[in-house]
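Undergrad: A predicted structure for the sequence below; I have some questions about it.
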Amino acid sequence: MTRRIWFIFITLVVALAGATAVTIAFNEPISVSQSVRPQAFNTDASPTTADPLKQVLRDLPQPDTYIVTLADAPLASYNGGVTGMAATNPRTTGADRLDMASTAATAYRAYLMAQQNNLVRTMSSTYGRPVDAFYHYTVALNGVAVQLSEKEAEIANNMPGVTAVTRDQWYFPTTDATPAFIGATALWDGTATGGIPGTKGDGVIVGVIDTGIWPEHPSFADNGTYPAPPAYWGGFCQPPSDGQNFLVCNIS
């Protein structure tokens, strides 16, 4: 009985560790933020691969996108302190949840937008070129997304009111064969489980880190057997505003 309990425990640990590495078999890119004060790109972020299709993705140019974070608290965590601006943090106001439509929230968001626009104007003046913020963050983060050179990012990092300058960078999953990758093939196939059959993960509940889908992958190709798409569908197709859109938005 004790041996079986230990086996189940080890299997769960292996499965959960594998979930962080397997994610998806096709290695589409993930865009994540990396702190830059300033920094060089991580060359391990886009390792080489024998698959030419995957390598094309890994060779995509790194974005020149930076998130510049400002000192004032965002809407969700603002506890007051700015003259004439009431607190909006639900823990401070006693509300059950953040009220985005309240008078206080509307006023404080306008204040944050004004501060962000002032920063963008300062950047434009300092760099001698127009700088546009293609994303404004005011709810969970107070900041803007802009395109900068590395030198400009260094300068922005020292501007008044700026607390962080973070560069966007592509990362890729590193494996779709987890047992061999983590050295657990003997547990996977049962050769090192003390006589208990290898389950190969059968019956184990696994948490998956979703990297999203790659619409252009052949597995999504229409081979003629699928029904026609609905005449109307919910939502809308919105490509990124930073110019780093390497995929075609399919709205047919």
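TA: Cool, the structure landed.
Undergrad: Can you name every helix or strand that the longest helix along the chain contacts?
TA: Scanning the chain for the longest helix, with DSSP state H as the assignment, gives helix 103-127. Applying 3 or more Cβ pairs under 8 Å, 6 or more residues apart in numbering; DSSP states H and E, one finds that helix 103-127 makes contact with strand 65-70, strand 143-147, helix 150-157. Where you see a C-beta, it was placed from the backbone N, CA and C, and this is true even at glycine.
Undergrad: Counting neighbours, what do you get for residue 79?
TA: Using other Cβ atoms under 10 Å, the number of residues around residue 79 comes to 11.
Undergrad: Next one: it from residue 104, what distance?
TA: 12 Å (Cβ to Cβ, to the nearest Å).
Undergrad: Can you check which residues contact both of the two?
TA: residue 87 (Cβ atoms under 8 Å, 6 or more residues apart in numbering).
Undergrad: so where is the chain shaky, pLDDT-wise?
TA: Where the chain drops to pLDDT under 70, the residues are 1-51, 53-58, 60-62, 173-177, 232-252.
Undergrad: Could you chop it up by domain?
TA: Using automatic domain parsing, the domains assigned to the chain come out as 2-25+176-206, 30-171.
Undergrad: Same list (those domains) but as JSON lines, adding distance to residue 217.
TA: Below are those laid out as JSON lines (distance: least, Cβ to Cβ, whole Å):
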{"stretch": "domain 2-25+176-206", "distance to residue 217": "10"}
{"stretch": "domain 30-171", "distance to residue 217": "9"}
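Undergrad: For residue 135, which non-adjacent residue is closest in space?
TA: Spatial nearest neighbour of residue 135, chain neighbours left out: residue 145 (3.8 Å); criterion: Cβ to Cβ, 6 or more residues apart in numbering.
Undergrad: Revised request: answer the last question for residue 157.
TA: With Cβ to Cβ, 6+ apart, the residue lying closest to residue 157 is residue 165, at 4.4 Å.
Undergrad: I'd like to know how far the one you found sits from residue 156.
TA: 5 Å.
Undergrad: hey, where'd the strands end up in the stretch 1-150 of the chain?
TA: If DSSP state E, counting those that start in this stretch is used as the criterion, the strands of the stretch 1-150 of the chain fall at 30-35, 65-70, 135-137, 143-147.
Undergrad: Longest strand of the chain, counting residues only.
TA: strand 162-171 (DSSP state E).
Undergrad: that older thread, now distance to residue 199 and mean neighbour count too, for the strands of the stretch 1-150 of the chain, in JSON lines please.
TA: Listed next are the strands of the stretch 1-150 of the chain as JSON lines, based on distance: least, Cβ to Cβ, whole Å; neighbours: other Cβ atoms under 10 Å:
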{"stretch": "strand 30-35", "distance to residue 199": "30", "mean neighbour count": "13"}
{"stretch": "strand 65-70", "distance to residue 199": "43", "mean neighbour count": "22"}
{"stretch": "strand 135-137", "distance to residue 199": "45", "mean neighbour count": "16"}
{"stretch": "strand 143-147", "distance to residue 199": "45", "mean neighbour count": "22"}
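Undergrad: Among the ones you listed, which comes closest to residue 196?
TA: Comparing the strands of the stretch 1-150 of the chain against residue 196 with Cβ to Cβ, the closest turns out to be strand 30-35 (36.3 Å).
Undergrad: picking up where we left off before, and the helices and strands packed on helix 103-127: which comes nearest residue 189?
TA: Across those, closest to residue 189 is strand 65-70 (Cβ to Cβ), at 44.2 Å.
Undergrad: Run me through the strand neighbours of that closest one, direction for each.
TA: strand 143-147 (antiparallel), strand 162-171 (antiparallel) (DSSP bridges).
Undergrad: and the angle for the first one with helix 103-127?
TA: Angle between the axes of strand 143-147 and helix 103-127 is 30 degrees (criterion: axes from the mean of the first three to the mean of the last three Cα atoms, to 10 degrees).
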